[in-house]
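**Student:** predicted coordinates and the sequence they were generated for:
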Amino acid sequence: MGLEGNKPKPPAGALSAPFGMRRFAATLCLTLALAALPGLSRAGYLDTPVCRAHLDKIEIQLSQTATTLERAGNECTAMHGHVRVMLAARNVYSRCATGDERLHQVGLMDGSIHEVADRISATCASQ
């Protein structure tokens with residue numbers, strides 16, 4: 001065993017890049033907030049059975065993957081799964097939201113996707 005074996009491990013949840021992790025945590029909080037929006041009010045959304053079903057489904061999926069991501073921290077598989085769900089959410093918002101709400105939701109999703117993708121690049125590139 002080399003010197004690396006004697007090196008103390010940081011405690012679980014310790015952050016090696018404070019600024020990056022704060023941005024990542026803010027993105028996670030934003031995603032959790034977005035997950036709750038469709039269920040609160042449907043103003044600005046198409047009132048069709050398909051859109052209602054897709055908005056309900058994506059609300060659940062965003063909440064589930066955000067919770068998984070929160071628990072997993074920088075675990076690459078969790079981050080990749082969260083990006084996939086956010087891409088699906090972006091697609092639903094682009095089809096089912098209207099006007100300013102559409103621009104707002106798609107923009108928020110684009111920003112969140114970009115933040116998590118940057119985190120994946122920084123964390124998972126060497127794995």
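**Tutor:** Yep, it's here.

**Student:** who does the lengthiest helix in the chain touch, helix- and strand-wise?
**Tutor:** Counting residues, the longest helix found in the chain (DSSP state H) is helix 99-124. If contacts are counted by 3 or more C-beta pairs under 8 Å, 6 or more residues apart in numbering; DSSP states H and E, helix 99-124 sits against helix 18-40, helix 76-96. C-betas here are computed from N, CA, C, even on glycine.

**Student:** buried ones in it?
**Tutor:** 101-102, 105-106, 108-109, 112-113, 115-116, 119-120, 123 (16 or more other C-beta atoms under 10 Å).

**Student:** related to what we said a few turns ago, ok, of the helices and strands packed on helix 99-124, where does mean pLDDT dip lowest?
**Tutor:** Among the helices and strands packed on helix 99-124, helix 18-40 carries the lowest mean pLDDT, a mean of 54.

**Student:** what is the mean pLDDT for the helix or strand following it?
**Tutor:** Counting by DSSP states H and E, the next helix or strand C-terminal to helix 18-40 is helix 49-72. For helix 49-72, mean pLDDT rounds to 92.

**Student:** helix 49-72 vs helix 76-96, what angle?
**Tutor:** Compare the direction of helix 49-72 with that of helix 76-96 by axes from the mean of the first three to the mean of the last three C-alpha atoms, to 10 degrees and you get 160 degrees.

**Student:** angle of helix 49-72 against helix 99-124?
**Tutor:** Using the same axes, to 10 degrees, helix 49-72 lies at 30 degrees relative to helix 99-124.

**Student:** excluding its backbone neighbours, what's nearest Asp110?
**Tutor:** Arg90 (6.7 Å; C-beta to C-beta, 6 or more residues apart in numbering).

**Student:** please consider this matter closed, and thank you.
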